[in-house]
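# dropping the sequence and predicted coords here.
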Amino acid sequence: MASKTKYVEREIPQISLHDFEHRIDDISAEMCAAAESVGFFAVKDHGLSEDEVQSMFSVSESFFSLPDTTKATVPWSPQNVGWEKMSQVRPSTGAADTKESYQLQFGENMAQSLKFMHRVQGVSEKLMLCLARGLGFDDDYFVRYHDVSRPDSQSTLRLLHYYETPKTNDGIIRHRAGAHADWGFLTLLFQQSGQSGLEICPGREVVTEYALGDEWTKVEFQPGLIVCNIGDLLMSWSDDRFKSTYHRVKAPSEEGDYFGERYSIAFFNQPVKDAIIQGPKKKYPAVTGEEFNRAAMEKYYGALKEKLKAKENTKVAEMKVLPVEAVA
Ligand SMILES: O=C(O)CCC(=O)C(=O)O
Ligand SMILES: [Fe+2]
């Protein structure tokens with residue numbers, strides 16, 4: 001039986017993008033303070049309407065309601081596009097997440113999804129400008145490296161669907177999104193009212209490996225907010241000034257947890273392969289986006305292998321494991 005989760009109240013800063021052009025310096029200061037402390041913040045007044053977001057959730061729900069045999073005609077591929085089900089194993093849990101997801105990249109997509117992706121990219125570019133300014137880079141520094149018109153653009157929209165979890169007490173932990181830090185640059189996340197479960201565990205340096213057994217804070221849906229978090233890549237690119245924070249969608253198991261279906265939408269900003277990743281203080285040697293990903297993949301598989309070795313009767317080769325591109 002899992003022990004009772006420890007919760008603490010932490011403030012997740014809410015940052016208004018209202019009157020962006022005139023307030024960039026103030027917004028940038030707020031964003032950098034959040035990125036340096038909790039690693040998560042929420043933006044409001046970002047220009048995306050509730051209708052636009054709900055339409056994208058409708059697309060997602062229609063897609064996931066198709067029979068598996070139909071969804072399997074667009075299977076997940078190593079380019080990180082397509083559908084997967086119950087196949088993402090996290091080093092923190094060594095077990096597959098109880099979910100399905102569908103990845104889309106810029107290019108040939110349904111017009112509605114593509115339009116939404118461009119809208120979220122627009123918000124992302126504002127955040128990139130603020131973060132670049134905060135680090136002392138040119139304003140367009142990060143935006144240039146996240147050019148979604150390039151054919152090798154890696155940024156990905158991920159539709160997520162977590163299955164309803166039985167309220168049985170059978171001792172099986174049904175992970176939704178096992179604890180992890182996103183490995184990319186910056187993630188923007190959309191949640192739905194009443195579908196709780198997202199939790200964060202800030203302070204990587206003070207938590208145990210994968211933050212298991214530590215103190216969590218719930219990040220609940222609020223209308224009009226986009227939840228944003230720093231990924232490992234930006235942590236490195238900022239000389240560790242901005243924090244990539246552990247988070248999860250909790251395996252429902254305790255009183256007050258939400259056991260129903262959950263839909264969420266994540267937009268992962270990823271730099272192009274030839275981006276040069278190095279912070280202003282040059283804490284780490286310069287690497288390309290491609291090299292950074294390769295190293296992240298090795299680290300992920302190393303951690304996963306260790307975890308699986310530690311678990312009895314689990315053979316790595318028998319498990320269908322998604323590569324790190326889909327891991328975020
Ligand atoms: O579904 C969520 O709310 C979080 C998903 C997530 O953390 C991820 O896909 O990286
Ligand atoms: Fe994540």
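Now that the structure is in, tell me what you want to look at. Numbering: from 1, shown residues only. Ligands and ions are numbered 1, 2, ... in the order given.
# show me what from the protein comes close to ligand 1.
158, 160, 177, 182, 189, 198, 247, 249, 264, 266, 328 (CB under 6 Å from any ligand atom). Just so you know, the C-beta spots here come from the backbone N, C-alpha and C atoms, and that holds for glycine as well.
# low pLDDT regions in this structure?
Within the chain, the stretches with pLDDT under 70 are 1-3, 204-213, 312-328.
# mind listing the helices for it?
20-37, 50-64, 68-71, 111-135, 141-145, 232-237, 289-310 (DSSP state H).
# can I get those helices in JSON lines with mean neighbour count?
Below are those laid out as JSON lines (neighbours: other CB atoms under 10 Å):
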{"stretch": "helix 20-37", "mean neighbour count": "17"}
{"stretch": "helix 50-64", "mean neighbour count": "15"}
{"stretch": "helix 68-71", "mean neighbour count": "12"}
{"stretch": "helix 111-135", "mean neighbour count": "19"}
{"stretch": "helix 141-145", "mean neighbour count": "19"}
{"stretch": "helix 232-237", "mean neighbour count": "25"}
{"stretch": "helix 289-310", "mean neighbour count": "16"}
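# got a markdown table for those, with distance to residue 88 too?
As requested, the helices of the chain are exported to a markdown table (distance: least, CB to CB, whole Å):
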| stretch | distance to residue 88 |
| --- | --- |
| helix 20-37 | 26 |
| helix 50-64 | 15 |
| helix 68-71 | 15 |
| helix 111-135 | 21 |
| helix 141-145 | 27 |
| helix 232-237 | 17 |
| helix 289-310 | 11 |
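# quick one, which of those helices is nearest to residue 10?
Judged by CB to CB, the one of the helices of the chain that comes nearest to residue 10 is helix 20-37, at 9.1 Å.
# how far is the closest one from where the chain is centred?
21 Å (CA atoms, centre = their mean, to the nearest Å).
# so what secondary structure elements neighbour that helix?
Contacts defined by 3 or more CB pairs under 8 Å, 6 or more residues apart in numbering; DSSP states H and E place helix 20-37 against strand 14-16, strand 40-44, helix 111-135.
# now the chain against ligand 1: closest residue?
residue 264 (3.5 Å; CB to the nearest ligand atom).
# now do the contacts for that residue.
160, 162, 189-192, 195, 198, 249 (CB atoms under 8 Å, 6 or more residues apart in numbering).
# out of those residues, who's nearest residue 92?
Nearest member of the contacts of residue 264 to residue 92, counting by CB to CB, is residue 249, at 12.2 Å.
# tell me what that closest one is bridged to.
With DSSP bridges as the criterion, residue 249 is bridged to residue 177, residue 198.
# which residues touch it?
162, 176-177, 197-199, 262, 264.
# by neighbour count, which of the residues you listed wins?
Compared across the contacts of residue 249, residue 177 has the highest neighbour count, 27 neighbours, by other CB atoms under 10 Å.
# hmm, it is touching residue 99, no?
Yes - using CB atoms under 8 Å, residue 177 is in contact with residue 99, at 7.0 Å.
# which residues do those two both contact?
In contact with both residue 177 and residue 99: 160, 162, using CB under 8 Å, 6+ apart.
# how many residues are close by residue 73?
9.
# and it, its phi and psi?
phi -80, psi -10 (degrees, to the nearest 10).
# what sits closest to residue 193 if chain neighbours are left out?
residue 221 (5.2 Å; CB to CB, 6 or more residues apart in numbering).
# from residue 164, how far out is that neighbour?
18 Å (CB to CB, to the nearest Å).
# residues in contact with the residue nearest to residue 193?
Counting by CB under 8 Å, 6+ apart, residue 221 has contacts 191-196.
# if you rank these by neighbours, which is first?
Counting by other CB under 10 Å, top hit in the contacts of residue 221: residue 191 with 24 neighbours.
# can you give me the distance of the closest residue to it other than its chain neighbours to residue 64?
Of all residues not flanking residue 191 in the chain, residue 221 sits nearest, at 4.3 Å (CB to CB, 6+ apart). Going from residue 221 to residue 64 by CB to CB gives 19 Å.
# with residue 48 instead?
On the measure of CB to CB, residue 48 and residue 64 end up 22 Å apart.
# same question for residue 12.
28 Å.
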